[in-house]
Structure formats: C-alpha cells, structure tokens
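Asker: next come a sequence and a model predicted from it.
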Amino acid sequence: MSDEEKSAGGVQVIARAASILEVLGQDPSGLSLGDIAGRVALPRSTVQRIVSALEAANLVRNEGAGRIGLGAGLLRLMSSAHADLVSVAKPALQALGTATNETVVLSRMSGSQLMVEHRLVSDRELQVAPRLGLTGMPLVSTSAGRALLALDEDVQVMRRVDALPAAQEKLLRQQLAEIRNCGFACDEGELMEGITSSAVAVESILGRFAVSLPIPTVRFDKGREHYLECLMACKETLQRQVGALTTG
C-alpha cells in the first residue's frame, strides 16, 4: 500500500469516528453497537473496532447493558471547544456585519429554547440589539430556532419540541422542508413587530449553532437579496472552517 493510500485510509477512519461521536452526542442515554451501525451506515464489526479505539482514548465509555456513551475525555474537549466558538466564528461574523451594516447574532439550542451567545450590534440609527442568554421563545417561533431544527429529520424535531396542534405541526413541517431546500429561515415580525430575522444553521465540529440577521422589515424588504446572499456566504465560510466531518 502506498503512502497516499495509507493517508486516504486514515482520513476515512477519522471521518467514521467523527460520525460515531456525532450520533452518540445526539443521544445522551447511549446507544448499542447495532444502533450506532444503523445510524452511520457502517458494518457492526467496523463500528466495534472504532469504538474500541475511542474507548481506549477515553473518548467514549461503556455505560453497561451494551450501551455506549460519550467519554469524559471528549466531554472535556467539547467544553473547551464550545467556550471557544465565539472566537473561532468572530471573523466570519464581523465580515457579515461589515457587508450588511446590520446586527449579527450567534445562537444555540438550549432545551426547547434559543440561547443567544454573542452579538455584534450595528451602529445604525434604527438597530436591533437582542439580549444575551435565553430568548424565552420556543425554537419553532424564531428563524434561528427553525434553522437549527431543520438540521434534523421531522421525527426527531417533533420529539424535541412541545406538542403542537395539528395545524401548527403541519405548518412547521412545511417550514422545515422549505429551510432544507433553500438553506435559510426567515420570520417576519414573529419575535418582534417590524423586524424580519433571517438565519442559517451550521453543523460543525464545535456543535450546532445559528447565525441570524435581525433587521427592520422596511430595510430588509429593500435589500432582501443582498442580505440573504451575505448570510449564505457567511454560512459557507463557517462550514469550510469548522464544518462537521462526513464519511463521504
């Protein structure tokens, strides 16, 4: 085997290990080897071999009853990475703020709500300055929340959000389908009257997060195409920099 082939094989193993860690991170109660194999579409024997190596490195642990969970070593790394997300993302956020001259917001999921972790407030006379911390609004009621929810399949989304009336659930499913198709989410006055907020979600090695532009509707309507183009460019930049590994 050539050095090039060995290198390609090593990259594949790393990507597969990343996929396994990702699915484990989505289920705090742990998963069996069979469950993991099904979710990452790999043979059980391959999953077992990779899990054994990850366990030796303290990145996963055997939780008993045949279930595997994230290990203490990885949790420590994740804690450090999450704390550093703002500094990693800041250049792209600043570029977005400069290109649009609007407020830029970085947020994450926190249970069934949205948590604002960072903001760059524009210096325009008419501006939006969301407060840091929990918004107090359900994920389904915000553009950033819906963008994040759209990263999952509908069945997973419905488990995460509070029970909805049939008509609202149907509307949410339609909204999620549109977001997956176009790559961004919008709300017009849902969170704040007179404000249109557009958002994109990024699935990264630092976890999932959303970037949004809350803009006075009168201004957004005039520059809609430009704002969305800049927002999508920011998303592409962040995906290149910290995007999640895939098995390819």
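Answerer: Happy to help now that I have it.

Asker: contacts and neighbour counts: CA atoms only from here.
Answerer: Will do.

Asker: quick one: the strands in the chain?
Answerer: Counting by DSSP state E, one finds strands in the chain at the ranges 60-62, 68-70, 104-110, 113-120, 133-138, 185-188, 195-204, 207-216.

Asker: mean pLDDT for these: which is lowest?
Answerer: Ranked by mean pLDDT, the strands of the chain bottom out at strand 133-138, which scores a mean of 81.

Asker: related to what we said a few turns ago, could the strands of the chain be laid out in CSV, adding mean neighbour count and distance to residue 232?
Answerer: Shown next, in CSV, are the strands of the chain (neighbours: other CA atoms under 10 Å; distance: least, CA to CA, whole Å):
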stretch, mean neighbour count, distance to residue 232
strand 60-62, 20, 35
strand 68-70, 23, 32
strand 104-110, 22, 13
strand 113-120, 21, 18
strand 133-138, 14, 24
strand 185-188, 21, 11
strand 195-204, 23, 7
strand 207-216, 23, 10
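
Asker: which one of those lies nearest to residue 53?
Answerer: strand 60-62 (9.0 Å; CA to CA).

Asker: okay, now the domains of this structure?
Answerer: Segmentation of the chain into domains, based on the TED database, reads 3-70, 76-242.

Asker: return the most buried member of those domains.
Answerer: Comparing the domains of the chain by mean neighbour count (mean count of other CA atoms under 10 Å), domain 76-242 comes out on top with a mean of 18.

Asker: measure that one end to end?
Answerer: Distance across domain 76-242, first residue to last, is 18 Å (CA to CA, to the nearest Å).

Asker: cool, stretch 34-48 as well?
Answerer: 9 Å.

Asker: now do that stretch, average pLDDT.
Answerer: Mean predicted confidence for stretch 34-48 is 94.

Asker: residues contacting it, please?
Answerer: For stretch 34-48, contacts defined as CA atoms under 8 Å, 6 or more residues apart in numbering pick out 16, 19-20, 23-24, 33.
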